[in-house]
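Asks: please find the sequence and the predicted model below.
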Amino acid sequence: MKKIGFIGSGNMAEAIIGGMVKAGHLPEQIVASNRSWDKLQLLEETYGIQTVESNQDIATLCEIVFLSVTPDKYPAVIEEIRDSIQDETLIILIAGGQGIAENEARFGRKVKLVKAMPNTPVLVGEGLTSLSFNSFISEEEKQRVVELFNSIGKAEVIEEKLMDTASAVGGSSPAFMYMYIEALADAAVLYGMPREKAYNIAAQAALGAAKMVLETGEHPAKLKDEVCSPNGTTIQSVASLETSGFRDAIIQAVRSNMEKMGH
Ligand SMILES: NC(=O)C1=CN([C@@H]2O[C@H](COP(=O)(O)OP(=O)(O)OC[C@H]3O[C@@H](n4cnc5c(N)ncnc54)[C@H](O)[C@@H]3O)[C@@H](O)[C@H]2O)C=CC1
Ligand SMILES: O=C(O)[C@@H]1CCC=N1
């Protein structure tokens with residue numbers, strides 16, 4: 001049976017695995033390796049997937065292989081699996097800042113590389129994964145990869161040169177959103193709202209606003225203006241956010257993310 005494998009089964013791999021199983025992918029077709037055996041046992045128990053101790057087994061068994069270790073582990077892991085990878089295997093690079101050319105060089109032969117930048121909401125079928133492909137991947141294979149990521153959210157094919165930006169704005173940004181939702185809920189608690197209600201209200205408002213941007217196609221500024229009643233309360237908050245440097249804080253967060261990737 002053709003399998004999908006994960007080398008490195010941390011937070012991001014688990015989110016993809018969980019999302020795939022929820023989307024109806026067969027757990028028997030998913031196989032994972034990891035440094036810690038405890039994590040593999042947890043994945044077996046939670047999702048019913050297969051686990052193996054050796055990264056080379058993943059390389060040999062699987063037609064799609066996710067390299068889901070942290071970027072610093074890429075050289076050693078590629079060295080370890082290079083000779084076990086089949087010519088037709090699709091290798092998916094999900095590490096931040098890891099480009100196609102440098103990893104082609106590490107394999108040192110013609111291998112099919114996909115650069116993918118997912119985010120953790122794939123776990124609930126609402127992920128966003130940016131994708132680029134190397135020159136050895138056929139149109140049919142590209143379609144297969146796009147379908148895989150569309151089954152756990154949305155896939156966006158982009159130019160590889162934009163991948164680091166996609167990492168900051170799509171891969172990292174759920175963390176910023178969780179901070180925003182937490183801060184909003186803290187403020188609600190400050191005014192007496194029970195915390196669970198506060199999280200529900202803050203998170204649903206964020207979800208609704210995101211859907212409005214995606215589904216109406218309106219400029220975010222127009223949607224913001226529609227919330228701001230003349231002499232109302234929202235415009236007071238908008239003015240306060242501008243004084244606190246809200247937009248600049250977000251832009252600087254992306255800038256520092258890009259600087260970490262060498263930009
Ligand atoms: N966490 C996220 O939201 C996102 C993460 N990524 C990328 O995913 C990759 C993994 O990130 P996380 O899951 O956050 O990190 P993590 O630290 O949770 O997971 C990495 C896993 O790899 C395992 N590992 C380390 N060395 C290994 C080896 N030689 N062989 C097998 N397994 C090994 C570790 O035990 C750990 O479980 C990174 O490259 C990151 O850039 C990409 C997009 C989003
Ligand atoms: O924090 C990181 O390095 C990874 C890349 C994008 C999201 N998480």
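Replies: Perfect, I can see it now. The structure displayed is predicted, hence computed values, not measured ones. Ligands and ions are numbered 1, 2, ... in the order given.
Asks: going forward, measure contacts between C-alpha atoms and count neighbours the same way
Replies: Will do.
Asks: give me the contacts around the helix or strand containing residue 253.
Replies: For residue 253, the element it lies in under DSSP states H and E is helix 246-260. Helix 246-260 has contacts (Cα atoms under 8 Å, 6 or more residues apart in numbering) with 164-165, 168-169.
Asks: near ligand 2, which residues of the chain show up?
Replies: 96, 167, 171-172 (Cα under 6 Å from any ligand atom).
Asks: looking at the residues you listed, state which has the most neighbours.
Replies: Each of these was scored for neighbours by other Cα atoms under 10 Å, and residue 167 scores highest at 25 neighbours.
Asks: got the contact list for that residue?
Replies: By Cα under 8 Å, 6+ apart, the neighbours of residue 167 are 96, 117.
Asks: separation between residue 72 and residue 39?
Replies: Relative to residue 39, residue 72 is positioned 20 Å away (Cα to Cα, to the nearest Å).
Asks: of those two, which one has the most company?
Replies: residue 39 (17 against 10).
Asks: contacts for the strand or helix carrying the more buried one, please.
Replies: With secondary structure defined by DSSP H and E, residue 39 is part of helix 37-47. Helix 37-47 has contacts (Cα under 8 Å, 6+ apart) with 9-10, 14, 17-18, 21, 27, 32-34, 49-51, 53.
Asks: which among those residues count as buried?
Replies: Neighbour counting with 16 or more other Cα atoms under 10 Å marks 9-10, 14, 17-18, 21, 27, 32-34, 49-51 as buried within the contacts of helix 37-47.
Asks: how does this structure divide into domains?
Replies: Listed domain ranges for the chain are 3-158, 166-260 (source: automatic domain parsing).
Asks: still on that earlier bit, so which of the residues of the chain next to ligand 2 belong to helices?
Replies: With helices taken from DSSP state H, there is no overlap with the residues of the chain next to ligand 2.
Asks: any idea how far residue 20 is from the nearest residue to residue 94 once chain neighbours are set aside?
Replies: In this structure, residue 94 finds its nearest non-sequential neighbour in residue 116, 5.0 Å apart by Cα to Cα, 6 or more residues apart in numbering. Distance of residue 116 to residue 20, computed by Cα to Cα: 16 Å.
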